[in-house]
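Visitor: Make a model of this:
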Amino acid sequence: MSRAPFQLALLNGAHDRTTFNSGSAPLDRYLREQVTQDVRRRVAACFVATTDGKRIAGYYTLASASLLLAELPASTGKKLPRYPTVPAVRMGRLAVDQGFKGQGLGSALLADALGRAARSEVAAYALMVDAKDDAAANFYRHHGFVTLPDSPRTLFLPLATAQAV
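Guide: Now for the predicted structure:
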């Protein structure tokens with residue numbers, strides 16, 4: 001286990017994606033084989049935490065999204081304009097290499113994603129995630145995310161809440 005400080009940056013060609021191992025084959029495969037195509041096509045941005053500027057300790061992706069107003073909890077929806085959708089930012093993936101687990105890096109990456117979404121000049125109401133399993137959903141709920149009533153693995157956190165913290 002390493003205790004190195006992390007630097008956060010946009011993914012680039014200098015970052016070594018080949019050794020990343022989160023223990024989740026789909027998340028590892030995405031980083032190795034798909035992410036650069038998504039970045040090039042401008043459908044996602046990928047941010048990495050590195051220890052030496054090359055080795056990736058963790059990563060997350062952000063993309064534009066929207067939430068259906070009708071799917072939000074009633075208490076939330078009644079406070080928003082009556083548009084069919086509400087602008088959001090989707091964190092599509094979040095993964096930490098097994099060699100860096102237990103150091104709070106997942107929470108730090110989530111905090112960085114919230115900060116980036118909240119500081120954006122493009123308006124968005126919330127950061128949303130689709131949790132891959134119950135453990136991931138619990139991680140997001142622990143950080144204040146709210147579950148959509150009809151989609152227990154889709155969660156959101158209003159960016160105004162993130163800015164207040």
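
Visitor: The helix or strand encompassing Ala88: partners in the sheet, and parallel or antiparallel?
Guide: Ala88 belongs to strand 85-96 when assigned by DSSP states H and E. Using DSSP bridges, strand 85-96 pairs in its sheet with strand 56-68 (antiparallel), strand 126-130 (parallel).

Visitor: Show the contacting residues for Phe47.
Guide: Leu8, Ala9, Leu10, Leu11, Tyr59, Tyr60, Thr61, Leu62, Leu109, Asp112, Ala113, Arg116 (Cβ atoms under 8 Å, 6 or more residues apart in numbering). (Glycine included, C-beta is placed from N, CA and C.)

Visitor: Am I right that the last one is in contact with Thr61?
Guide: In this case it means Arg116. No: taking Cβ atoms under 8 Å as the definition, Arg116 is not a contact partner of Thr61, at 11.4 Å.

Visitor: More neighbours: which of those two?
Guide: Ranked by neighbour count (other Cβ atoms under 10 Å), Arg116 and Thr61 place Thr61 first, with 22 against 17.

Visitor: ok, the more buried one touching Ala95?
Guide: No: in this structure, Thr61 is not within contact of Ala95 by Cβ under 8 Å, at 9.7 Å.
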